[in-house]
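> based on what follows, work out the 3D shape:
(2 chains)
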Amino acid sequence: MNEALYILCIVVVTALAFDFTNGFHDTANAMATSVATGALKPKVAVALSAILNLVGAFLSIQVALTVSNKIISIQGANGAPVPGLMGVPLLVIILAGLVGGILWNLLTWLFGLPSSSSHALFGGLIGATIAALGMGGVKWDGVISSIVLPAIFSPVVAGVVAGLGTWIVFKIVTNVPEQRRDAGFRWGQVGSASLVSLAHGTNDAQKTMGVITLALVAYGSWTNLHAIPVWVKVACALAIAAGTWVGGWRVIRTMGKGLVEISSPQGMAAETSSAVIILSSSHLGMALSTTQVASGSILGSGVGRRVPVRWGVFGRMVVAWVLTLPSAGIVGAVCWFVANAIGGALGVTVIFGVLVLGAAYMFIRSRRTPITPENVNAEWEGGLIPADEREPAKTAS
Amino acid sequence: MEIMTKAFEALWQVLLVGLVLGVGLPALFALGVLSLNRNRRLVSVGAAGGEEITKPSAAGLTGAAICFGICVLAVIFGIVVIVYGKQLFGV
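Residues are numbered from 1 along each chain as shown, chains lettered A, B, ... in the order given. Presented below is the predicted three-dimensional model:
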């Protein structure tokens, strides 16, 4: 096997791994509210979300190859790689970017923090591009308009809409007995959450499809810039669905139990707000982050119902959102430097090894205090880890 | 500066659609739930301490059907947007 083909294979595997983390990191966006109110049993919720992500991934009839065009200049206007980067140079940039994205996704998952998978991917790619091409390789206008501004606006808009929605809903059903009320709204919860899952499958799986196809174009085994290979579509759909099905229980717990206590009408209002904003924003010229919209909606719904909001938990999320781009970027840049310094297949193998070790370490850490379908809804009491499962406090060391 | 103006333009539209559909649909759904639970007819009184069994009134059922029907249409519209959004809106 020649060197370029070997690197291409590593890139494809890594891209699918990113797609997988994208799935399980974002299960919470759609399903946290339904899991928290018991509208769906935890395992049923992730299974439903997985199926809808799978279907959603196939629904995208027009996949843009221009994934990175707005933020970095590694592709021309038509989506083809910049001529000077054809072949291995572009593959290494993509790989370094993906490693940054995956490691940040896993770290935030370990802490149970919802953070945008797209921002992590773009952060990684920006870092790797700066390392490879210098500051001039980044389109800062695009970074501001398609990452920074949406990140600021997403939670605000979603919070306002969900807050108003929740307030009105509770005004209307104030005299309906709670049991009957909740029975009705659980259906609404499932419907709105399903729509979010479907939209997620379409939007997010597309990004990985675009990245893999870009790698194939750079390698030279695919030339059509207006279509993606069928096997790429199938592989990406399966990867994001598998990730969703595994369920990022830590993130689901933070969003469903950590921010506010969620009731059925509130969950329905929050998830409808998310669905409407995600679907409308992507067609109105400013695609807002699914994760940040969903978090803002849940928070807003708590404010609208006037229940206590754990602002500390929200504060930690905001810190994670601010750190996403630079952190994934630094990892992406470091990976590119390492791969470039060692060079060739060996360099690529080394950063892939770093990814595998980092992922394994975080997975093992998570097993110390696992969050599972069984304890995902335990009382919050100030922490992600349920009170009766916490490790005894260590003495200062 | 130009990207800021553009961003705020898009933001206003998102907020507007959000307020109309994101607040309107949950409100409509709530009206449906309310309609199902107003003026319920008593069907049978359960044994001592048991639950009374009631049914929604005809008017209540009709109202609920209309409300939920519009919500279902909205979901179908949502699916259409997911599949054909790019063709419909060009973005």
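> tell me, how many residues neighbour A:Val161?
A:Val161: 33 surrounding residues under other C-beta atoms under 10 Å in any protein chain shown. C-beta coordinates here come from the backbone N, C-alpha and C atoms, glycine included.
> contact partners for it?
Residues near A:Val161 by C-beta atoms under 8 Å, 6 or more residues apart in numbering or on different chains: A:273, A:276-277, A:297, A:300, B:15, B:18-19, B:22-23.
> between those residues, which is nearest A:Ile252?
A:Ser297 (14.9 Å; C-beta to C-beta).
> residue ranges for the helices of the stretch 251-397 of chain A, please.
Ranges of helices in the stretch 251-397 of chain A, per DSSP state H, counting those that start in this stretch, are A:264-281, A:290-304, A:311-342, A:344-368.
> with mean pLDDT and distance to chain B added, can I get these in TSV?
Below are these laid out as TSV (pLDDT from 0 to 100; distance: least, C-beta to the nearest C-beta, whole Å):
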stretch	mean pLDDT	distance to chain B
helix A:264-281	94	4
helix A:290-304	95	9
helix A:311-342	95	17
helix A:344-368	94	31
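> sorry, back to before: of the contacts of A:Val161, which is the most crowded?
A:Ser297 (39 neighbours).
> residue 74: neighbour count?
The chain I'm using is chain A. When neighbours are counted by other C-beta under 10 Å, A:Ile74 comes out with 24.
> let's do chain B instead
20.
> name the nearest residue to it, ignoring sequence neighbours.
Nearest non-adjacent residue to B:Ala74, counting by C-beta to C-beta, 6 or more residues apart in numbering or on different chains: B:Leu25, 5.5 Å away.
> ok, now A:Thr254?
Per C-beta to C-beta, 6+ apart, closest to A:Thr254 is A:Gly112, 4.3 Å.
> same question for A:Thr290.
A:Asn29 (5.1 Å).
> element containing the one you found?
In the assignment (DSSP states H and E), A:Asn29 maps to helix A:3-37.
> which parts of that helix are buried?
Burial within helix A:3-37, assessed by neighbour count using 16 or more other C-beta atoms under 10 Å in any protein chain shown, is assigned to A:4, A:7-8, A:10-12, A:14-37.
> same thing with stretch A:344-355?
So, applying 16+ other C-beta under 10 Å, buried residues of stretch A:344-355: A:345, A:347-348, A:351-352, A:354-355.
> C-alpha coordinates for the helix or strand bottoming out on mean pLDDT in chain B, CSV please?
Least confident helix or strand, chain B: strand B:41-44 with a mean of 74, by mean pLDDT, DSSP states H and E. Presented in CSV, the C-alpha positions along strand B:41-44 are these (Å, rounded to 0.1, in the frame of the first residue of the first chain):
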residue,chain,number,x,y,z
ARG,B,41,-68.9,13.9,30.6
LEU,B,42,-69.2,11.6,33.5
VAL,B,43,-69.4,8.0,32.2
SER,B,44,-69.5,6.1,35.4
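> I'd like the contacts of A:Val161 as CSV, with distance to A:Ala77 appended.
Output for the contacts of A:Val161, formatted as CSV (distance: C-beta to C-beta, whole Å):
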residue, distance to A:Ala77
A:Ser273, 35
A:Val276, 32
A:Ile277, 29
A:Ser297, 35
A:Gly300, 38
B:Leu15, 31
B:Gly18, 32
B:Leu19, 36
B:Gly22, 35
B:Val23, 39
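> return the member of the residues you listed nearest to A:Ala339.
Nearest to A:Ala339 out of the contacts of A:Val161 is A:Ile277 (C-beta to C-beta; 38.5 Å).
> contacting residues for that closest one?
Contacts of A:Ile277 (C-beta under 8 Å, 6+ apart): A:154, A:157-158, A:161, A:288, A:293, A:297, B:14, B:17-18, B:22.
> for chain B, which segments count as strands?
Per DSSP state E, chain B carries strands over the ranges B:41-44, B:53-55.
> quick one: buried residues of stretch A:177-190?
Quick answer for stretch A:177-190 (16+ other C-beta under 10 Å): A:181-182, A:184-190.
> the residues you listed: which ones sit near chain B?
By C-beta under 8 Å from any C-beta of the partner chain, the members of these lying near chain B are A:181, A:184-185, A:188.
> among those, which two are most distant?
So, these by C-beta to C-beta: farthest apart are A:Arg181 and A:Gly188, at 10.9 Å.
> and for those two, which residues touch both?
Each of A:Ser264 lies in contact with both A:Arg181 and A:Gly188 under the rule C-beta under 8 Å, 6+ apart.
> any idea which of the strands of chain B is most buried?
Ranked by mean neighbour count, the strands of chain B are led by strand B:53-55 with a mean of 13 (mean count of other C-beta atoms under 10 Å in any protein chain shown).
> show me the shaky parts of chain A.
For chain A, applying pLDDT under 70 flags the ranges A:1, A:61-63, A:382, A:391-397.
> what's the distance between the longest helix along it and the middle of its chain?
Using DSSP state H to define each element, chain A has its longest helix at helix A:178-219. Relative to its chain's centre, helix A:178-219 lies at 11 Å (C-alpha atoms, centre = their mean, to the nearest Å).
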